[in-house]
Structures are given as structure tokens and as C-alpha cells.
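Student: sequence plus predicted model, see below.
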Amino acid sequence: MKPLLERLGRRLLGGYSLALFVFLYLPIVLIVVYSFNANPINMMIWSGATLDWYRSLFGLSNSLSENALYVESTDQLLASLRTSLVVALCTTAISTLIGTLTALALARYRFRLRGFYRLLLFMPMLMPDIVLGIALLIFFVGVGMPLGTLSIVIGHCTFLISYVFLIVSARLAGMDTRLEEASADLGASAWVTFRRITLPQILPGVVGGALLAFIISMDDLVITYFIAGVDSTTLPVFIYGMIRRGIKPEINAIATLLLLASLLIAALGLYLRNRKPASTQDDSHG
């Protein structure tokens, strides 16, 4: 009786896991598949495979159907992509610098309200995006700051610093502090110890945090929608505007390209975050 119940339980658990993965990933698979659909009117009706929607994103396609009169302007698309890249690069640089320095300060120094300060750093990650977006909008309007690229960068930094801080802190927690102590005992200055000992060991975490910040900044929609100006439309906001006017075939192509780029960057970030420091690898070989 007991083996029968165990087999039944394993089958139920396996079936539940399969249903969960299908529910999560089937819509993504459909987006990728229908991005090659040649039907310009109804993307749910398969009319053959084509690369026209990918070519149209870069203004290279001349073979689109005459019915596809709603293809968005390539100039608008590229402008929104440039805005997203500028925002993501600026936000990544600022968030990585501040998040790394904050993680080092909290890991190496003891001061009053240290635990409370750490809790405040986690709040932007726990706060709903719509609440943070409305709060930032009220703040920018209240101080008289015009909405634009600068407001988006500031808004993204408010929560991306927390992500970088979390990843670098995890790297610092697994770091051997005896190397820093040995460097100080041998007469090295604080800057030399940081440059030669600390930074090489936490660098995978820093790079991983930067890549994660870049992905989140590129993909953010809710917060950006509230604090973006008229002339500072990012790619997610641009796609959202396209969807509001109807689900168009090139949206699937854009989503597929974004998905591919996000997966590549995320894989690189996870690899760098989990890679052992060079000193640890040398010790294991020795």
C-alpha cells in the first residue's frame, strides 16, 4: 500500500511540475514561434514562415504584405532603443559604483543603525513598482524637475542600487578576510589592499550585479512609464504603446530579440557571480 501511495505521489508531483512549466513557458514559446508567422493580420493564424518582421525592425524588408500598413516607424523604434541603452548604461554605472561601495562599507565597518540602514536598502526591491513609480513622479513634480532621460536614470538608480548591493554583499560574505589582514600586516596601504586583494575577489559579483542592473533597466516598464517625458520614450514604453493600438506581428520579433539578449546577459552574470576567485582555484589545484 505504501509503495503505491509513493508512486502516486511522485506521479502527481511530476504532473504538477510539468503543468507549472508549461503554464510559465508556453506563452514565451508561442511568442518566439509567432514572430516568424507571415500573417500580417492575425498572428494566431499560421500562414507560413518569414523573417520579414525581423527585417522590418531595421528597415530592411520590402516584401511585407500590403495589408501590414501598421508597421511602426523604424526611426521611432531605433530612437527608443537608443534611449533605453543610454539610460541602462548610465544607471548601471551609477548603481554599480554606489551599490559596491555601500556593500563594502556595511561589510567592513560597524556603526549605529547599521541593521536599519541595511533594511532600508531592501525596501526598494520589496516595494511594488507602481507605488515606487507614483512616489517618484510626485517627487519630481514637487521639486520642479522636468521629466526626461535624467529622471529615468535617477528613478532606476533608486532600486537598482539595492540589487547590486545584494549581489556584492553575497560575494563579500564568502570572501576570506585573512588575505586582507595579511596584506595589511605586510605593510600595504588600504588602497593597495583593495586594488590587489579585495577587488579581484569581488569582481565577479560586481560584474554580475552590473549585468543584472543593465537587464532590469532595459526591461523596466511600470516605473519608467510614470517618470518618462514626452521625448524620452524607452523601448518597453514604446512596445507598450504599440500593444495598446493592437497586437502587431513585429511586437513578437522585438520580444524575441529582447528575450535572447536578456538570457545571454543573465547567463553571463550568473557565471561570473558563481565563479570562484582566482586565489581559491589556485589553492584547490595546489
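Tutor: Yes, it's here.
Student: counting by contacts, list what the helix of greatest length in the chain packs against.
Tutor: With secondary structure taken from DSSP state H, the chain has its longest helix at helix 74-108. The contact analysis (3 or more Cβ pairs under 8 Å, 6 or more residues apart in numbering; DSSP states H and E) places helix 74-108 against helix 52-57, helix 114-126, helix 149-173, helix 199-219, helix 235-244. Bear in mind the C-beta positions are built from the backbone N, C-alpha and C, glycine included.
Student: now it: mean pLDDT?
Tutor: The average pLDDT for helix 74-108 rounds to 88.
Student: format the helices and strands packed on helix 74-108 as JSON lines; extra columns: distance to Ala107, mean neighbour count and mean pLDDT.
Tutor: Shown next, in JSON lines, are the helices and strands packed on helix 74-108 (distance: least, Cβ to Cβ, whole Å; neighbours: other Cβ atoms under 10 Å; pLDDT from 0 to 100):
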{"stretch": "helix 52-57", "distance to Ala107": "44", "mean neighbour count": "20", "mean pLDDT": "75"}
{"stretch": "helix 114-126", "distance to Ala107": "10", "mean neighbour count": "12", "mean pLDDT": "84"}
{"stretch": "helix 149-173", "distance to Ala107": "4", "mean neighbour count": "22", "mean pLDDT": "90"}
{"stretch": "helix 199-219", "distance to Ala107": "10", "mean neighbour count": "22", "mean pLDDT": "86"}
{"stretch": "helix 235-244", "distance to Ala107": "34", "mean neighbour count": "17", "mean pLDDT": "81"}
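Student: would JSON lines of the ones you listed with distance to Ile254 be doable?
Tutor: Output for the helices and strands packed on helix 74-108, formatted as JSON lines (distance: least, Cβ to Cβ, whole Å):
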{"stretch": "helix 52-57", "distance to Ile254": "7"}
{"stretch": "helix 114-126", "distance to Ile254": "27"}
{"stretch": "helix 149-173", "distance to Ile254": "19"}
{"stretch": "helix 199-219", "distance to Ile254": "12"}
{"stretch": "helix 235-244", "distance to Ile254": "6"}
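Student: these: which one's closest to Leu24?
Tutor: Counting by Cβ to Cβ, Leu24 lies closest to helix 199-219 out of the helices and strands packed on helix 74-108; the figure is 17.0 Å.
Student: quick one: buried residues of the helix or strand just after that closest one?
Tutor: Per DSSP states H and E, the first helix or strand lying C-terminal to helix 199-219 is helix 222-227. Neighbour-count burial for helix 222-227, counted by 16 or more other Cβ atoms under 10 Å, picks out Ile223, Thr224, Tyr225, Phe226, Ile227.
Student: out of the residues you listed, who's nearest Phe214?
Tutor: Phe214 has its nearest neighbour among those in Thr224, at 14.4 Å by Cβ to Cβ.
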